[in-house]
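# kindly return the folded structure for what I paste below:
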Amino acid sequence: MKRGSMKRAGQNQDLSKRLLADPTAVSWLQEHIGGQPTDVEHVQSLWSGYGEIVRVHLTNANVPSVIVKWVEPPHDRSHPRGWTGRASHERKLRSYRVEQCFYTDWIPDFTPSHRTAKCYQAEATQHGWRFLLEDLDGSGFARRCMSLDHSQIDNCLRWLSSFHAHFLGKKPTGLWQTGTYWHLATRKDELKALKDPQLRDAAPKLDAVLNNCRYRTLIHGDAKVANFCFGKNDVAAVDFQYVGGGCGIKDVAYFLSSCLTDGECEAQAQQHLDTYFAFLRSHLKDDLDKDAVVNEWRSLYPAAWADFHRFLAGWAPDHWKIHRYTRKMSEQAIAGL
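Residues are numbered from 1 along each chain as shown. Take a look at the predicted model:
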């Protein structure tokens, strides 16, 4: 079948309504997963209207359902906070190229200790990209959580530690050289909008300190609570648009910022850091200097938090994550530069 043969969506057509009516889309599904699609269920729209994620129900297939992530950048771009410039658009396009590379070239190197969706097919199309993925709901990871208890936080930290240990020292070929969606090289507009002169002046130094760390790995790059799917005693991670090279503690700081309030950060962050580093030690190879890895990444925790603060303060200065603990970490990081 020719790539990209599916018709481009109109403004009022969404994938969940048109997929089964398009013979080329049905053929693509059957080619890579078999069976017969019977129903399509909307899961969510992609950020800024760049596409849609749907669940396709099947008969006579090895699995009862699959997930299709269909990316078709819109003609008229929109953004919840008004960031619709060329840089924003190009960053999103590159993020989907990175995700395609990750699923095709890096997923086979995974282990069960850092579970993610199996990828049946990931490819560029005439108008964007499409990903055919395992339905994690049907594989025991059906829960989505807005707030987490301690055991759920531990499971996410275990996932991150396994991921970071497994890819320690690997070069991010085909991925972002610097992982995370907020890294400074791709956020010049937000830096210009930043009103805090101390944070703005420190931005290049914070970026350099993190990028020049001795122990680099692959980082997820968007490891927020919403990108973890929860099972009974385990988690799986999704959304690998911003995976790339970097210091593992950047994922940890960002994850904690997504699941802890100001007061909870103050009271619990050190405990969660201890948990993460205990998991990391257990996953690192015995021939590594584990103390050196742990000591370096722990020392960079304030810088990782401040680096994200730098982005947030320019992108959305009224964001709920800019609280007392965030400012405290930034002050600590800047004082140490």
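# wasn't His42 part of a strand?
Yes. Secondary structure assignment (DSSP: H, G, I helix; E, B strand; the rest coil) places His42 inside a strand.
# mind listing the strands for the stretch 1-150 of the chain?
Along the stretch 1-150 of the chain, the segments classed as strands by DSSP state E, counting those that start in this stretch run 36-45, 51-59, 65-71, 119-124, 129-134.
# which residues touch the closest residue to Asp239 other than its chain neighbours?
Take Asp239 and drop its neighbours on the chain: the residue closest to it by Cβ to Cβ, 6 or more residues apart in numbering is Asn227, 4.6 Å away. C-beta: built from backbone N, CA, C; applies to glycine. By Cβ atoms under 8 Å, 6 or more residues apart in numbering, the residues touching Asn227 are His220, Ala237, Val238, Asp239.
# with adjacent residues omitted, what lies nearest to the third one?
The reference is to Val238. Asn227 (5.4 Å).
# and His150, how many neighbours does it have?
Burial of His150 is recorded as 11 neighbouring residues (other Cβ atoms under 10 Å).
# oh sorry, the question was meant for Ala165
22.
# numbering from 40 from now on, please.
Okay, residue one is now 40; in that scheme the one you just asked about reads as Ala204.
# and the nearest residue to it once chain neighbours are set aside, how far from Gly208?
Distance criterion Cβ to Cβ, 6+ apart; nearest residue to Ala204, sequence neighbours excluded, is His322 at 3.5 Å. Using Cβ to Cβ, to the nearest Å, His322 is found at 13 Å from Gly208.
# do the same with Ser152
On the measure of Cβ to Cβ, Ser152 and Gly208 end up 18 Å apart.
# ok so, going back, just the strands of the stretch 40-189 of the chain: most buried one?
strand 104-110 (a mean of 24; mean count of other Cβ atoms under 10 Å).
# hang on, Ser200 packs against Leu319?
Yes. Using Cβ atoms under 8 Å, Ser200 is in contact with Leu319, at 4.2 Å.
# between those two, what contacts are shared?
Counting by Cβ under 8 Å, 6+ apart, the shared contacts of Ser200 and Leu319 are Gly287.
# test my guess that Lys360 contacts Trp354.
No. Counting by Cβ under 8 Å, no contact exists between Lys360 and Trp354, whose distance comes to 10.8 Å.
# what residue ranges in this protein are flagged as low confidence?
40-52, 115-123, 148-151 (pLDDT under 70).
# recalculate using a threshold of 90.
Across the chain, the ranges flagged by pLDDT under 90 are 40-61, 63-64, 86-88, 101, 112-128, 146-153, 165-166, 185.
# pull the longest helix from the chain.
Ordering each helix of the chain by length in residues (DSSP state H) puts helix 301-322 first.
# alpha carbons only: can I get that one in PDB?
C-alpha atoms of helix 301-322 as PDB (Å, rounded to 0.1, in the frame of the first residue of the first chain):
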ATOM      1  CA  ASP A 301       4.400  22.900  46.900                       C
ATOM      2  CA  GLY A 302       4.000  21.600  50.400                       C
ATOM      3  CA  GLU A 303       4.400  18.000  49.300                       C
ATOM      4  CA  CYS A 304       7.600  18.900  47.500                       C
ATOM      5  CA  GLU A 305       9.000  20.400  50.600                       C
ATOM      6  CA  ALA A 306       8.000  17.400  52.800                       C
ATOM      7  CA  GLN A 307       8.500  14.500  50.400                       C
ATOM      8  CA  ALA A 308      11.000  15.300  47.700                       C
ATOM      9  CA  GLN A 309      14.100  14.100  49.400                       C
ATOM     10  CA  GLN A 310      12.400  10.800  50.300                       C
ATOM     11  CA  HIS A 311      11.400  10.300  46.700                       C
ATOM     12  CA  LEU A 312      14.900  11.200  45.500                       C
ATOM     13  CA  ASP A 313      16.300   8.600  47.900                       C
ATOM     14  CA  THR A 314      13.900   6.000  46.500                       C
ATOM     15  CA  TYR A 315      14.800   6.800  42.900                       C
ATOM     16  CA  PHE A 316      18.500   6.600  43.600                       C
ATOM     17  CA  ALA A 317      18.100   3.300  45.400                       C
ATOM     18  CA  PHE A 318      16.300   1.900  42.400                       C
ATOM     19  CA  LEU A 319      19.000   3.400  40.100                       C
ATOM     20  CA  ARG A 320      21.800   1.600  42.000                       C
ATOM     21  CA  SER A 321      20.000  -1.700  41.700                       C
ATOM     22  CA  HIS A 322      19.700  -1.300  37.900                       C
END
